[in-house]
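# structure, please.
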Amino acid sequence: MIRFHLKELIAKREFERGKRITLEEMSRETDIHRTTLSKIANTRGYNTTTDNVAAICEYLECSVGEFLEIVEDD
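Numbering: from 1, shown residues only. From the prediction side, this is the model:
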């Protein structure tokens, strides 16, 4: 299963930028629906497209390896 580190990366970028980042703001900047971002952040085992992964990584200035990891299924 793929685990996304969206919440952790948002928190890290908020600290670095000294500014809160909302899913609404990310949605506007990445053209990814806010509901999709919420599901990536909160739904265990959520499946998304590589286009979404690329847009999020670009927005958060992170690598794919920082954004996601492969974990064993329960």
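# can we go C-alpha only for contacts and neighbour counts from here?
Noted.
# pLDDT below threshold where in the chain?
The chain contains residues with pLDDT under 70 at 74.
# mind doing that once more with 90?
1, 44-45, 72-74 (pLDDT under 90).
# could I get the full set of strands for it?
2-4, 68-70 (DSSP state E).
# most tightly surrounded among those strands?
Mean neighbour count (mean count of other C-alpha atoms under 10 Å) peaks for strand 2-4 among these, with a mean of 18.
# who's in contact with stretch 1-8?
Stretch 1-8 is contacted by residues 40-41, 44-46, 66-73 when judged by C-alpha atoms under 8 Å, 6 or more residues apart in numbering.
# show me which pair in these is furthest apart.
Across these, the longest distance by C-alpha to C-alpha is 19.7 Å; it joins Glu66 and Asp73.
# who's more crowded, these two?
Glu66 (14 against 7; other C-alpha atoms under 10 Å).
# give me every residue that touches that one.
Contacts for Glu66 (C-alpha under 8 Å, 6+ apart) come out as His5.
# against Glu29, how distant is Phe15?
19 Å (C-alpha to C-alpha, to the nearest Å).
# how about the helices in this structure?
Assigned by DSSP state H, the helices in the chain fall at 6-17, 23-30, 34-42, 50-60, 64-67.
# in the third one, which residues are buried?
Judged by neighbour count (16 or more other C-alpha atoms under 10 Å), helix 34-42 contains these buried residues: 34, 36-37, 40-41.
# show me what it is packed against.
For helix 34-42, the packing partners by 3 or more C-alpha pairs under 8 Å, 6 or more residues apart in numbering; DSSP states H and E come out as helix 6-17, helix 23-30.
# need those in TSV (columns: distance to Cys62 and mean neighbour count).
Converted to TSV, the helices and strands packed on helix 34-42 look like this (distance: least, C-alpha to C-alpha, whole Å; neighbours: other C-alpha atoms under 10 Å):
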stretch	distance to Cys62	mean neighbour count
helix 6-17	8	14
helix 23-30	14	15
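# as JSON lines, these with distance to Glu61 would be great.
Output for the helices and strands packed on helix 34-42, formatted as JSON lines (distance: least, C-alpha to C-alpha, whole Å):
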{"stretch": "helix 6-17", "distance to Glu61": "9"}
{"stretch": "helix 23-30", "distance to Glu61": "12"}
